[in-house]
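In: predicted coordinates and the sequence they were generated for:
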Amino acid sequence: MEEKIYTIPVNEAFESNDGCPFCRLYKKLETDELDLILGASMMEPDIRIQTNKLGFCREHNDRMFNMKNRLGMGLMIESHLASIKKSIEIKHSVFVKDAGSAAAKNIDTLCQSCYVCKKIDEKLSRMVETAVLLWERDKEFRKKTENQNYFCLPHYSKFIKAASAKMAKKLYPEFLNMLNNIEITYFDKLSEDISWFCKKFDYRYNDEPWGDAKDAVERSIAFLNGSDK
């Protein structure tokens, strides 16, 4: 399959087998979005409308804060605060219970939204669909997929669902079998490692080698939740 601009980052992410390829894509997308939002995109009116409406989750607020552009962040927060006052204000009404419920609903929506998360999720979803397309049409990409160490569970699910929706039905069983073999092989090894990690805290196993178990907790977290998301 001829490589196109939109397939390049996906192909590059699958060239390594150190962790989940979609986690690697997520981290790249996250870095790019944070650089943009505190740089070129910060003062664009259409972007400001979206950041005013959605705001940022705690994690991305913390990351932007650590990027040291305090003025840029302050300007965005000032604008965001001004735009959400009407959403959180409880209007005086004889129907006090209804007014409070409406404000709480608005606050819940605000607390669960994030401009950066939304942008990453949209782009990553397209990249997962691109990976499905590549697997379907490119034999070399199938080999890259087969060579992956594992997919974190959230991205494993996304990959399966995208393939179910987009892939030719005759190819889907082969795809599913490949992914299942990758995942179960890694799962079984990870389970052994975490069991051995726990046993090493028993004095009877003090003199036994750690093997691959020393970082089993960290690897389990990455497998269950993703390396970053």
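Out: Right, received. Where do you want to start?
In: point out where this protein drops to low pLDDT.
Out: Counting by pLDDT under 70, the chain contains low-confidence residues at 1-3, 91-99, 228-229.
In: repeat the analysis, applying 80 as the threshold.
Out: 1-4, 40-43, 89-103, 228-229 (pLDDT under 80).
In: where is the longest helix in it?
Out: helix 172-199 (DSSP state H).
In: output the contacting helices and strands for that helix.
Out: With contacts defined as 3 or more Cβ pairs under 8 Å, 6 or more residues apart in numbering; DSSP states H and E, helix 172-199 has these neighbours: helix 139-146, helix 153-166, helix 216-225. Glycine gets a C-beta too; all of them are placed from N, C-alpha and C.
In: any chance of a markdown table for those helices, columns mean neighbour count?
Out: A markdown table is the format used below for those (neighbours: other Cβ atoms under 10 Å):
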| stretch | mean neighbour count |
| --- | --- |
| helix 139-146 | 15 |
| helix 153-166 | 17 |
| helix 216-225 | 16 |
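In: can you redo these as TSV with distance to Gly19?
Out: Formatted as TSV, the helices and strands packed on helix 172-199 follow (distance: least, Cβ to Cβ, whole Å):
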stretch	distance to Gly19
helix 139-146	14
helix 153-166	10
helix 216-225	6
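In: and of those helices, who's closest to Cys20?
Out: Between Cys20 and the helices and strands packed on helix 172-199, the shortest gap by Cβ to Cβ is with helix 153-166, which sits at 5.5 Å.
In: mind listing residues that contact the closest one?
Out: Residues outside helix 153-166 that contact it (Cβ atoms under 8 Å, 6 or more residues apart in numbering): 20, 22-23, 26, 124-125, 128-129, 131-133, 135, 151, 172, 175-176, 179, 183, 223-226, 229.
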